[in-house]
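[1] how does the following fold in three dimensions:
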Amino acid sequence: MPQDPKSEYAARLQALHDSESRLDRRHKSLGRLNVAIALAGLGVIVVALGFGSVSILWVLVPGGALVASEVIHARALRALQQCRRGIAFYERGLARLENRWMGTGESGERFLDPSHLYARDLDLFGQGSLFELLCTTRTGTGEAVLARWLLAPATVEEIHARHAAVADLRERTELREDLAVLGEDVRSKVHPELLAAWAEADRVLTPGPARAVAFALAAVWLISLAVWFGWSRGWWPLVLASSVVNLIFNSRFSERVQQVVPDLGALASSGGRKLPSTEDVSKDLAVLAVVLGRLEREEFSAPKLLNLQSALKVEGVRPSRAIARLVRFVESMESRRNPVVGVINPFVFWSLQIAFVIESWRATFGPSIRGWLAAVGEIEALCALAGYAYEHPADTFPEFVPAEQGLFEAEGLAHPLLPEAKTIRNHLTLGDGLRLMIISGPNMAGKSTLIRAVGINAVLAQCGAPVRATRLRLSPLAVAASICVLDSLQGGISRFYAEIMRLKLITELTKGSMPVLFLLDELLNGTNSHDRRIGAEGLVRSLVERGGIGLVTTHDLALAKMVDQLGTRAANFHFEDHLENGQLRFDYKLTAGVVQTSNALNLMRSIGLEV
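    So this is what the prediction gives:
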């Protein structure tokens, strides 16, 4: 039986703090040792040069010791950095569990499109948003995948696949930690677009006959040189002729070789676009390979995760091994800086052969790099949903049912951005005859929170996450909301005009094949009561008749009479308040019928306004 999330995180956090203390002591000890060795080396130099009683070669001893100590020290520093990243991961987890997370994570504001039909209305992005609560991804690709899932519903088949993947990942705390920790390096050191540009650029060298010819010419030159030196000086014409031929052959490829294997990391140009050097790309890929290697080692059971894992392979080769092969090729490029290799390079085609090998690698594995990045991002997004599921064990996976006219049936529904201790759960059913709920009630009673809870849980359900409800049955739904519509000073648009433009978009959405779940808060609040009543009745009747289901909140009790026009397809509900010791109290319970009280004057008086 697994521990509860808070106890598990606290235990792992304490273990990491203990490791941090140990690694920090080691880091400081190694730092002092490095200083001592450096001073010892300096002492050897002083004695050797000043007194001559000791050979200067003795400086090699502290020099070698310093190199070894620096290598060990670098490893200790990396381990300390990894440990601190793990600490940050669990501290963020505890902050979420203790409701201290708002404003401390990734807000995702760059994904917010003001014209989207529910993103702003349901607080998907920004400080204290759903994205900030969910997002444990550390790479830009992972964040983009998670945002895309929140902004558009998946198919039911895909949702079920994500459910299985989330269930598989939910208890894999160590994997989620590792991906978060390793993802920091990917985030800071890997440049996806540059990688993709390098991988997908046109090849400048095509291995084939030219590679075989290069190998043969190099062999002839080496053999003729060996014969000339070893057996007969009379072979010099062959050596000369072979050298000239090789120089000419090498010159034909030199410009293209520079594009693949540039000297000193120079950038090559392809079609006017600057591409990163192969050396730079290999460093990015080496970082990515660590993450890919971690995913390769995990034994998944969910089909979606197994498919993602198998899709990483190219011709049966794991990406971490393929990247390791490229890194070895790039390391061999360093030999070009050796003076001897530099002299014979034009005759033995060392750079050309490396370029052929790299181009062959790029032809085989280059098209997969974008897919590798996408797979890492998708698994990160699934881990984010799994982390949410692990931290909210009472939340359940929704059940999807076919319903041509739309269905949203919830028991124990609550808003996921509210702390559990302050949550009041409600039951509601839209569909199966009832298409519209008109919710009236006083200020601050919970009307807007309820319709946001309906919308955000529909979004969670259709992105593959658990929902904040004891049970949720729904059909695939196109969510649309008019809750937080803003005016635009620069655009010269009033709030009322912005609202009716949003309502037009919602109406057009009902022409699609998927039933619409519409959420309208204080409908047409920016006009007079006469126009508001007529406009609201016509709009809502149109949405219902086109197969939509939804909730409408209002302070205007005249709108509650819309049920007379829609019959059994609509019903009134309300929230109540009461005075207790001079203070307004709310129970946040959804109740059938029209509200009979108003609290506006009481609220105004409670803050000292004389009314």
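
[2] secondary structure element holding the spatially most central residue of the chain?
    For the chain, Gly142 is the residue whose C-alpha lies nearest the centre (CA atoms, centre = their mean; 1.8 Å). Using DSSP states H and E, Gly142 sits in helix 140-151.

[3] can you check His530 too?
    helix 529-545.

[4] for that helix, C-alpha coordinates in CSV please.
    What follows is helix 529-545, C-alpha atoms only, in CSV (Å, rounded to 0.1, in the frame of the first residue of the first chain):
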residue,chain,number,x,y,z
SER,A,529,-33.1,45.0,-18.9
HIS,A,530,-35.6,45.0,-21.8
ASP,A,531,-33.0,44.3,-24.5
ARG,A,532,-31.2,42.0,-22.2
ARG,A,533,-34.2,39.8,-21.6
ILE,A,534,-35.2,39.5,-25.3
GLY,A,535,-31.6,39.0,-26.4
ALA,A,536,-30.8,36.4,-23.8
GLU,A,537,-34.0,34.4,-24.4
GLY,A,538,-33.4,34.3,-28.2
LEU,A,539,-29.7,33.4,-27.8
VAL,A,540,-30.2,30.7,-25.3
ARG,A,541,-33.2,29.2,-27.2
SER,A,542,-31.0,29.1,-30.3
LEU,A,543,-28.2,27.3,-28.5
VAL,A,544,-30.5,24.7,-26.9
GLU,A,545,-32.3,24.1,-30.2
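
[5] correct me, but Cys135 touches Glu106?
    Yes - at 4.7 Å, Cys135 and Glu106 qualify as touching, with contact defined as CB atoms under 8 Å. For every residue, glycine as well, the C-beta is placed using N, CA and C.

[6] quickly list what's touching both of the two.
    Glu143 (CB atoms under 8 Å, 6 or more residues apart in numbering).

[7] of these two, who's got more company?
    Cys135 (25 against 18; other CB atoms under 10 Å).

[8] bridging residues for Thr429?
    On the basis of DSSP bridges, Thr429 is bridged to Glu409.

[9] give me the number of residues near it?
    Residues near Thr429, counting by other CB under 10 Å, number 15.

[10] which other helices and strands contact the helix or strand that Leu133 is a member of?
    Assigned by DSSP H and E, Leu133 belongs to helix 130-134. If you count contacts as 3 or more CB pairs under 8 Å, 6 or more residues apart in numbering; DSSP states H and E, helix 130-134 packs onto helix 140-151, helix 350-391, helix 447-463.

[11] please redo it, this time with the cut-off set to 7 Å
    Applying 3 or more CB pairs under 7 Å, 6 or more residues apart in numbering; DSSP states H and E, one finds that helix 130-134 contacts helix 140-151, helix 350-391.

[12] in a markdown table: the ones you listed, plus mean pLDDT.
    Shown next, in a markdown table, are these (pLDDT from 0 to 100):
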| stretch | mean pLDDT |
| --- | --- |
| helix 140-151 | 94 |
| helix 350-391 | 89 |
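
[13] quick one: closest of those helices to Ala558.
    Closest approach to Ala558 among the helices and strands packed on helix 130-134 (CB to CB): helix 140-151, 35.8 Å.

[14] what's the angle between the closest one and helix 350-391?
    Per axes from the mean of the first three to the mean of the last three CA atoms, to 10 degrees, the angle that helix 140-151 makes with helix 350-391 is 40 degrees.

[15] helices or strands up against helix 140-151?
    helix 130-134, helix 350-391, helix 447-463.

[16] go ahead and confirm Leu205 touches Ile354.
    No - taking contacts as CB atoms under 7 Å, Leu205 lies outside contact range of Ile354: 10.5 Å.

[17] packing partners of the lengthiest helix in the chain?
    The single longest helix within the chain, with elements called by DSSP state H, is helix 5-50. Counting contacts by 3+ CB pairs under 7 Å, 6+ apart, helix 5-50 is packed against helix 60-97.

[18] what sits up against the helix holding Leu133?
    Defining contact as CB atoms under 7 Å, 6 or more residues apart in numbering, one finds that helix 130-134 is touched by 96, 101, 105-108, 123-125, 146-147, 150, 384-385, 388, 416-417, 456.

[19] for stretch 217-224, buried residues please.
    The neighbour-count check on stretch 217-224 (16 or more other CB atoms under 10 Å) flags Leu217, Ala218, Val220, Trp221, Ser224 as buried.
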